[in-house]
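Novice: Build me a model from this:
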Amino acid sequence: MQIESALAFMSEGPSEWRTDTTQQMTTAAADRDYEHAARLKAKLDAASAADAPQTELVRSVDEFRFVSLQAGDRKGRTRIYLISPSAIEYAGQIDKTNRDELLPEIAARIQSLRDAPIVAPDESGTQRIGLVAWHLLSGNRERGVFTRAKYLPDADALARALDAFDATQTQRPARPDVDDVSSETEATPTG
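Specialist: Numbering: from 1, shown residues only. Take a look at the predicted model:
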């Protein structure tokens, strides 16, 4: 029961809980129930850990939909992956020569990712969730960018994300060519 309560608290956000608990504490103090007010104050103090940036990552599996931008095989190219518990799907590689053509198509695929129902993750889905969590928490920005699909509602938002990613890539030395993993990721079932 405590685990479910903690997950609900983290996924819904602490603001409503904090408001209710503060009101209860104020009422307890007004009723001169200082011990109860002190326990509530201690809970509020402990809950301040929920303000840490990492807590933004704690969400229901229903919200596990990410877009990953990774350095491409040459400077100026960006690989885009769509990630859900069901699949890690290679969406394509964008550069200045194909950007106008691919942006609307990839934005539509991101929309489909956002709208698709999430099925309960199987063992592979759990591993995908773990992989993304590792990337999100590792702090090593050379591994690319992961953003929630809901933050890229259209082609313009995707273009801004690509511009920001490209700006970070120009500050790094060129990467050697990397193996194309699109054949592995395209074969991943999306069901």
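
Novice: Need the nearest residue in space to the one residue sitting closest to the centre of the chain, chain neighbours excluded.
Specialist: Nearest to the geometric centre of the chain sits Arg148, at 4.1 Å (CA atoms, centre = their mean). Among residues not flanking Arg148 along the chain, Phe66 sits closest, at 6.1 Å (CB to CB, 6 or more residues apart in numbering). C-beta: built from backbone N, CA, C; applies to glycine.

Novice: got the contact list for that neighbour?
Specialist: By CB atoms under 8 Å, 6 or more residues apart in numbering, the residues touching Phe66 are Leu82, Ile83, Ser84, Val132, Phe146, Thr147, Arg148, Ala149.

Novice: Now the residue nearest to the centre of the chain: phi and psi?
Specialist: Dihedral angles of Arg148 (phi, psi; degrees, to the nearest 10) stand at phi -70, psi 140.

Novice: Identify the residues contacting it.
Specialist: By CB under 8 Å, 6+ apart, the residues touching Arg148 are Glu63, Arg65, Phe66, Val67.

Novice: Identify the spatial nearest neighbour of the first one, chain neighbours not counted.
Specialist: The reference is to Glu63. Of all residues beyond its chain neighbours, the one nearest Glu63 is Arg148 (7.0 Å), with distances taken as CB to CB, 6+ apart.

Novice: Model confidence at the one you found, what's the number?
Specialist: On the pLDDT scale, Arg148 is placed at 87.

Novice: One more: the one 4 residues further on?
Specialist: Looking at Leu152, its pLDDT reads 92.

Novice: Ala149 and Gln127: what is the separation?
Specialist: Ala149 sits 20 Å away from Gln127, going by CB to CB, to the nearest Å.

Novice: swap in Lys96?
Specialist: Counting by CB to CB - Lys96 and Gln127 are separated by 35 Å.

Novice: can you put the contacts of Phe66 in TSV and add secondary structure?
Specialist: Formatted as TSV, these follow (DSSP: H, G, I helix; E, B strand; the rest coil):
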residue	secondary structure
Leu82	strand
Ile83	strand
Ser84	strand
Val132	helix
Phe146	strand
Thr147	strand
Arg148	strand
Ala149	helix
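
Novice: Just give me the closest of those to Asp115.
Specialist: When the contacts of Phe66 are compared for distance to Asp115 (CB to CB), Ala149 wins out at 9.6 Å.

Novice: Name the residues of the host helix or strand of Arg160 that are buried.
Specialist: In the assignment (DSSP states H and E), Arg160 maps to helix 155-169. Neighbour-count burial for helix 155-169, counted by 16 or more other CB atoms under 10 Å, picks out Ala155, Leu158, Ala159, Ala161, Leu162, Phe165, Asp166, Gln169.

Novice: Check stretch 89-97 too.
Specialist: By 16+ other CB under 10 Å, the buried positions in stretch 89-97 come out as Glu89, Tyr90, Ala91, Gly92, Gln93, Ile94.

Novice: Next one, pLDDT for the residue lying closest to Asp95 once chain neighbours are set aside please.
Specialist: In this structure, Asp95 finds its nearest non-sequential neighbour in Arg77, 4.4 Å apart by CB to CB, 6+ apart. For Arg77, the pLDDT comes out at 90.

Novice: Fine by me, thanks again.
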